[in-house]
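**Q** Test case, fold it:
(chains A and B)
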Amino acid sequence: MKTKLTALAVTTALVAPAAMAQEMTIVSWGGAYSKSQLRAYHEPYTAKTGVSIINDDSSAEAVAKLRAMDEAGNVTWDVVDVVAADAIRLCDEGLAMEIDADTMLAAAPDGTSASEDFGDLLVSDCFIPQIVYSTTFGYRTDLVGDTAPTEICAVFDTDAYPGKRSLEKRPINNMEWALLCDGVAKSDVYDVLATPEGQDQALAKLDTIKDDVIWWSAGADTPQLLADGEVIMGSTYNGRLFSVIEEQKQPVAMLWDAQVFDLDGWIIPAGLSDERKAQALDYIMFATDTQRLADQAKYISYGPARKSSAPLVGKHADMGIDMAPHMPTDPENAKNTFLYNYEFWADYRDDIDAKFQAWLAK
Amino acid sequence: MSDATQPDTAIAGPVLAADGTPLKRSLARSLRVQKMRAMALIAPLLIFVLVSFIIPIGSMLFRSVENGMVEQTLPLTVVELQNWDASTGDLPDEQLYAAFVADMVVAIDAKRHTRLGTRLNYEQTGMSSLFRKSGRKIKKLDPATDGPFKEQLIDIDKKWGEHETWAVIKTHSVAITNGYFLNAIDMQRTPDGAQAQPEDKRILITLFKRTLIMSMIITCSCIALAYPVAWLLANLPARSANMLMILVLLPFWTSLLVRTSAWKVMLQQQGVINDVLVWLGMVSDASRLVLINNQTGTIIAMTHILLPFMILPMYSVMRTIQPTYLRAAKSMGATNWTAFWRVYFPLSVPGIGAGSILVFILSIGYYITPEIVGGTKGVFISNRIAYHISSSLNWGLAAALGTILLAVVLILYWAYDKIVGIDNVKLG
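**A** Got it, this is the predicted structure:
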């Protein structure tokens, strides 16, 4: 009996490493987003290579967990989906691998190099952009009265639009919108926000609607609050609003004005074994090529990060509606936009967040 | 036992056991074997507690003071900084700049300089990009040949020519720091010693106070709600008591998140409770009650969630109270109230004590429920700890906050022991 067990243990030990290579752990956000990745990337990749993919919905805590794994010396993730700001921090902390876009990523079908195809969106040496999403407002068409809001400052106008609004419980985006509606020119927003006076100005503007705000911390909050009629308008990610409007058919419309673009994409953790690193790179090469990025937009309303993918965006796979008009990058929606200022928030996040939280608690 | 044999030995020489060895040694040996066996039996638990409890808490306590990063990343600079007097207002000399470049070249090679930038950014806004941006340019310098560096560094970024930058690095270059603890109580470590944070950044003391006060309110409302339920459970006939017990336990077995989200549906302004009140005409449609996203929401939801932790210890104590005591009191002329207050209630106090300790300790560490229903005024210190663990990555500050919370609990526990007596607590 005992020898049998030992024999079994030895076989498992011998088989295990070989099986490992056929399996990889990919970390993402869960929900509809992971499902879109499953259908656009994971399933075709498994079909092509036979590598099975394990999903782990831990992206929300990815930075802290990667740091803990690194300290424990045992990184169990192969590819991780994070927002760009987190990718920058992981890169700073030495927890993500540096990527050379031109050699490690696929070129566009017309031969344009990857670095040119992604362009400015390569905001960190470790970051491989995947989608452009935006944080923007949705409003209840039946609760805002006869004149529907068309611009961002409607959020601060409680006379014209009485009722509750939902805003994210963090300074990022809110401070910019407040300054913008307090008469600061778009090009000066970050210069103003870098000064203590500018921060006070933004908080003073937010003060005018503080009693009318419900603060959210999860992306699903605003859609639920809108659907229940708890708020008349609220900020959230554009994909969430898309599903409220198109899938759940709620009386909600988008206010694209002053939407803030942000990026989401992949990083590969630093310190993987050569074999796993090669595997992760192979996956990344496949999953971020022009066609694959365009495919993801069939399942969720986020814009592909490659310029060359934009013309390939078609109809929603299940509902059959045209996806291009729902993309945050669509010219009609992108008349007035902001791009998340990564450099600024990397520096000011701790400071302004402390002030913002102190202000909230007052 | 061995003590008892001592007088005999003194009088009549060593007492021998049956096998000829001195009795004392023989007894000690057999006791040792027993002790070893007892140790072996509790060893799994001991090792488990050590590995899963003592070591993590110890390492957390250490993290709150550990600050070796500056010294490890910039060893030569830290030595030079000892010779620099920050109080004069002069910039450091060339020697320090040269040491800094030498350190940075090594750190950039190992990709450690941005990590240091993140660390120092907790203390001084702008350090993160200063280290990241300057790193790209310093990388190209050769510490041996490219000197002098003072002008070059100031050219790379004017912040290297500011007194404050170097003062911050010097202030935080000690290997063991009180900086995180100062931050945790709304103060900061400065070149001139500990100072209060500017008023618009003070938040943590408020949160500590709020956590304690609200936990006490939650504990009190749990006592008020649980006492009658526990009494019913202990005094009803078995059939109905079992039914009631299932009703108490059912929510206990339901996922915490589901229960908290259910409260959202109940309490929001367009929610069930408000709808019913409006329908009954008790509140007007325009002035619906605000029951969620504030302290009320946190208190209601957490009282509900923690209620079983109060009911169960109370119930197990009340079951042991003999009904004959009450009958005896009444037979001697006590009214119902006197019999309850003078006889039943004092006997049930150990259950209240056990439940209160459980509920209070659980609630000061609560995080997910306040986050979902607490809005801005109903969040606890643990929400801030979570923020620093997973978002800002300031683990030192998170550890300091956690340590303070732990100390507060221990002090309260000690106070409870002094006032009520921990022997009075019974879980059954």
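
**Q** Could you identify the longest strand within chain A?
**A** strand A:252-267 (DSSP state E).

**Q** Tell me which helix or strand comes right after that strand.
**A** Using DSSP states H and E, the helix or strand that follows strand A:252-267 towards the C-terminus is helix A:274-287.

**Q** C-terminal to that following helix, what's the next element?
**A** helix A:290-296.

**Q** Who are the packing partners of the longest strand of chain A?
**A** strand A:79-83, helix A:84-92, strand A:128-140, helix A:174-180, helix A:238-242, strand A:337-339 (3 or more CB pairs under 8 Å, 6 or more residues apart in numbering or on different chains; DSSP states H and E). C-beta coordinates here come from the backbone N, C-alpha and C atoms, glycine included.

**Q** so how far is that strand from its chain's centroid?
**A** 8 Å (CA atoms, centre = their mean, to the nearest Å).

**Q** could I get it in PDB with only the CA atoms?
**A** C-alpha atoms of strand A:252-267 as PDB (Å, rounded to 0.1, in the frame of the first residue of the first chain):
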ATOM      1  CA  VAL A 252     -31.600  56.100 -18.600                       C
ATOM      2  CA  ALA A 253     -29.500  58.200 -21.100                       C
ATOM      3  CA  MET A 254     -25.800  59.000 -21.300                       C
ATOM      4  CA  LEU A 255     -24.300  62.400 -20.700                       C
ATOM      5  CA  TRP A 256     -21.000  62.000 -22.600                       C
ATOM      6  CA  ASP A 257     -19.900  65.600 -21.800                       C
ATOM      7  CA  ALA A 258     -16.500  65.800 -20.000                       C
ATOM      8  CA  GLN A 259     -16.200  62.000 -19.900                       C
ATOM      9  CA  VAL A 260     -12.900  61.000 -18.400                       C
ATOM     10  CA  PHE A 261     -11.000  58.400 -20.500                       C
ATOM     11  CA  ASP A 262      -9.100  55.800 -18.700                       C
ATOM     12  CA  LEU A 263      -7.300  52.600 -19.800                       C
ATOM     13  CA  ASP A 264      -7.400  49.100 -18.800                       C
ATOM     14  CA  GLY A 265      -5.000  46.400 -19.900                       C
ATOM     15  CA  TRP A 266      -2.600  43.700 -19.100                       C
ATOM     16  CA  ILE A 267       0.600  43.400 -17.100                       C
END
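
**Q** quick one: strands adjacent to it?
**A** strand A:79-83 (antiparallel), strand A:128-140 (antiparallel), strand A:337-339 (parallel) (DSSP bridges).

**Q** how many degrees apart are the longest one and helix A:274-287 in direction?
**A** So that's strand A:128-140. Orientation of strand A:128-140 against helix A:274-287 (axes from the mean of the first three to the mean of the last three CA atoms, to 10 degrees) gives an angle of 50 degrees.

**Q** how much distance is there from strand A:128-140 to the middle of the chain?
**A** Counting by CA atoms, centre = their mean, strand A:128-140 comes out at 8 Å from the chain centroid.

**Q** Buried residues, that strand. List them.
**A** A:128-140 (16 or more other CB atoms under 10 Å in any protein chain shown).

**Q** Which helix or strand lies directly C-terminal to it?
**A** strand A:165-168.

**Q** Return the list of strands paired to that following strand, each annotated with direction.
**A** strand A:213-216 (parallel), strand A:233-237 (parallel).

**Q** In CSV, list those along with mean neighbour count.
**A** Listed next are the strands paired with strand A:165-168 as CSV, based on neighbours: other CB atoms under 10 Å in any protein chain shown:
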stretch, mean neighbour count
strand A:213-216, 21
strand A:233-237, 24
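
**Q** got those as CSV, with mean pLDDT and distance to A:V244 columns?
**A** Shown next, in CSV, are the strands paired with strand A:165-168 (pLDDT from 0 to 100; distance: least, CB to CB, whole Å):
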stretch, mean pLDDT, distance to A:V244
strand A:213-216, 94, 14
strand A:233-237, 96, 9
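
**Q** Let me have those strands in a markdown table, extended by distance to B:L267.
**A** Output for the strands paired with strand A:165-168, formatted as a markdown table (distance: least, CB to CB, whole Å):
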| stretch | distance to B:L267 |
| --- | --- |
| strand A:213-216 | 12 |
| strand A:233-237 | 18 |
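
**Q** What separation do you get for B:G271 and A:Q224?
**A** Distance of B:G271 to A:Q224, computed by CB to CB, to the nearest Å: 12 Å.

**Q** coming back round to it: lowest average pLDDT across the strands paired with strand A:252-267?
**A** Among these, strand A:337-339 carries the lowest mean pLDDT, a mean of 88.

**Q** Now do the buried residues in the very next helix or strand once past that one.
**A** Downstream of strand A:337-339, the first helix or strand assigned by DSSP H and E is helix A:342-361. Applying a neighbour-count criterion of 16+ other CB under 10 Å, one finds A:342, A:344-360 buried in helix A:342-361.

**Q** Say whether chain B is contacted by helix A:342-361.
**A** Yes - against chain B, helix A:342-361 shows contacts by CB under 8 Å from any CB of the partner chain at A:343, A:346-351, A:353-355, A:357-361.

**Q** Only C-alpha atoms, please: export that helix in CSV.
**A** Extracted C-alpha coordinates of helix A:342-361, given in CSV (Å, rounded to 0.1, in the frame of the first residue of the first chain):
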residue,chain,number,x,y,z
TYR,A,342,-1.6,59.5,-14.5
GLU,A,343,1.5,61.5,-13.6
PHE,A,344,-0.5,64.0,-11.6
TRP,A,345,-2.5,61.5,-9.7
ALA,A,346,0.5,59.3,-8.9
ASP,A,347,2.0,62.3,-7.1
TYR,A,348,-1.1,63.9,-5.6
ARG,A,349,-3.3,61.0,-4.8
ASP,A,350,-2.2,60.4,-1.2
ASP,A,351,-2.3,64.1,-0.3
ILE,A,352,-5.6,65.0,-2.0
ASP,A,353,-7.3,61.8,-0.9
ALA,A,354,-6.5,62.6,2.7
LYS,A,355,-8.1,66.1,2.2
PHE,A,356,-11.0,64.6,0.4
GLN,A,357,-11.8,62.1,3.0
ALA,A,358,-11.5,64.7,5.8
TRP,A,359,-13.8,66.9,3.8
LEU,A,360,-16.3,64.0,3.4
ALA,A,361,-16.3,63.3,7.1
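
**Q** So which other helices or strands are in contact with it?
**A** helix A:84-92, helix A:174-180, helix A:189-193, helix A:196-207, helix B:113-121, helix B:127-138, helix B:204-235.

**Q** now do 6 Å
**A** helix B:127-138 (3 or more CB pairs under 6 Å, 6 or more residues apart in numbering or on different chains; DSSP states H and E).

**Q** contacts for the helix it packs on?
**A** When contacts are defined by CB atoms under 6 Å, 6 or more residues apart in numbering or on different chains, helix B:127-138 is touched by residues A:343, A:346-347, B:104, B:108, B:113-114, B:117-118, B:120-121, B:156-157, B:159.

**Q** ok now the next helix or strand after it, how far from the chain's centre?
**A** As assigned by DSSP H and E, the chain's next helix or strand after helix B:127-138 is helix B:150-156. Centroid displacement of helix B:150-156 relative to its chain, using CA atoms, centre = their mean, is 45 Å.

**Q** Show me the contact partners of helix B:150-156.
**A** Contacts of helix B:150-156 (CB under 6 Å, 6+ apart): B:E94, B:Y97, B:S134, B:K137, B:W160, B:G161.

**Q** give me that answer again for 7 Å
**A** Applying CB atoms under 7 Å, 6 or more residues apart in numbering or on different chains, the set of residues contacting helix B:150-156 from outside is B:E94, B:Y97, B:S134, B:K137, B:I138, B:W160, B:G161.

**Q** nearest residue to the last one other than its sequence neighbours?
**A** Translated: B:G161. B:I154 (3.8 Å; CB to CB, 6 or more residues apart in numbering or on different chains).

**Q** picking that back up, for the helices and strands packed on strand A:252-267, which one sits closest to B:D90?
**A** helix A:84-92 (31.4 Å; CB to CB).

**Q** Which positions within the following helix or strand past that closest one qualify as buried?
**A** Using DSSP H and E, the helix or strand that follows helix A:84-92 towards the C-terminus is helix A:101-104. For helix A:101-104, the neighbour count (16+ other CB under 10 Å) marks A:A101, A:M104 as buried.
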